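J.: no sequence on hand, only this structure:
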């Protein structure tokens with residue numbers, strides 16, 4: 001759910017149960033583990049370094065602003081970090097972010113924030129009008 005307004009735990013449980021009933025199964029099921037949290041969707045620059053401490057993950061700005069995805073992006077950062085450490089002794093890669101993809105993220109975040117188009121329509125159309133491999137390459141900043 002893309003929203004600045006958060007639901008109660010019961011509200012999210014109701015939405016998940018409805019989704020499972022409609023799209024997965026109407027048979028009984030058991031939820032064995034739950035997670036909750038808020039994924040920051042922001043293009044705010046996070047400090048990557050404080051003295052000798054390097055921040056990684058969300059704290060280091062490795063979460064993709066427009067999607068909240070961190071894992072894939074972090075893998076590329078860590079590979080570049082190791083290569084830079086071996087080559088120069090400085091583990092902080094110089095070319096972490098693509099300016100073009102940062103621009104795309106900022107545009108999409110602006111559209112979502114202003115409500116120009118519903119987020120459901122944006123993401124549904126993105127997958128409906130493009131092959132999944134192309135969408136994933138785009139989301140992973142490999143286009």
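T.: Received, thanks. As the structure is a prediction and not an experimental result, all values here were calculated from the model.
J.: now do stretch 47-56: everything it contacts.
T.: Here stretch 47-56 makes contact (CB atoms under 8 Å, 6 or more residues apart in numbering) with 46, 60, 61, 62, 74, 77, 78, 81, 91, 92, 96. From N, CA and C alone the C-beta is placed, and that goes for glycine too.
J.: let's see that with 6 Å instead.
T.: The contact list for stretch 47-56 (CB atoms under 6 Å, 6 or more residues apart in numbering) reads residue 60.
J.: please identify the buried residues of it?
T.: residue 48 (16 or more other CB atoms under 10 Å).
J.: looking at that stretch now, give me its mean pLDDT.
T.: The pLDDT scores in stretch 47-56 average 88.
J.: please enumerate the strands of the chain.
T.: Counting by DSSP state E, residue ranges of the strands within the chain are 49-50, 53-54.
J.: so in that sheet, which strands flank the first one, and in what orientation?
T.: According to DSSP bridges, strand 49-50 forms sheet pairs with strand 53-54 (antiparallel).
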